[in-house]
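Participant: My questions are about this predicted structure, shown below with the sequence.
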Amino acid sequence: MKKSATTKGESPSRLIDARIKELEDWRGKTLSRVRALIKQALPKVVEEWKWRGVPCWYHDGLICTGETYKSVVKLTFAKGAALKDPSKLFNSSLEGNVRRAIDIHEGDEIDEAAFKTLIRAAAALNKPSAR
């Protein structure tokens, strides 16, 4: 967010709303769409605002972050390396032992069903019985 914007006392959801509105381009629309898909997949997901402006989604632990850059919206999954990805959604940070990411570029289509399945699987990994 712009430096003039205040984050003190604002709810994470409102800060994410403000980030989406501030972007005013395909990145805002993309972040809004993946956010909606995450909420559809996990209605009880908790939104957080971390590290000076990164939307994060939690369910019994961190699921993923939603970073926006000039040419990409990056969804980094905290435990992505442990997730099965038969639809090959992960296309970034593939060499790491823990995280995996999905880079979405302008014009990219999102396989919504596969994405929601991946979100649910990431949440399942966070359950105490899965640890």
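Facilitator: Sure, I can see it. Nothing here was measured: the structure is a model prediction, and the numbers come from that model. Residues are numbered from 1 along each chain as shown.
Participant: isn't Cys56 right next to Cys64, touching?
Facilitator: Yes - with contact taken as Cβ atoms under 8 Å, Cys56 and Cys64 are classed as touching, separated by 7.4 Å. All C-beta spots, glycine's among them, are computed from the backbone N, C-alpha and C.
Participant: So those two - more neighbours on which side?
Facilitator: With neighbours defined as other Cβ atoms under 10 Å, Cys56 and Cys64 compare such that Cys64 has more, 26 against 20.
Participant: wait, doesn't the more buried one sit right on Phe77?
Facilitator: Yes - proximity of Cys64 to Phe77 meets the contact threshold set by Cβ under 8 Å, at 4.7 Å.
Participant: can you list residues touching both of these two?
Facilitator: Shared contacts of Cys64 and Phe77, defined by Cβ atoms under 8 Å, 6 or more residues apart in numbering, are found at Ala122.
Participant: Can you give me the neighbour number for Arg52?
Facilitator: Arg52: 7 neighbours (other Cβ under 10 Å).
Participant: The one 10 residues further on now?
Facilitator: The local packing count at Leu62 equals 18, with neighbours defined by other Cβ under 10 Å.
Participant: Also the one 4 residues further on?
Facilitator: Residues lying near Gly66 (other Cβ under 10 Å) number 22.
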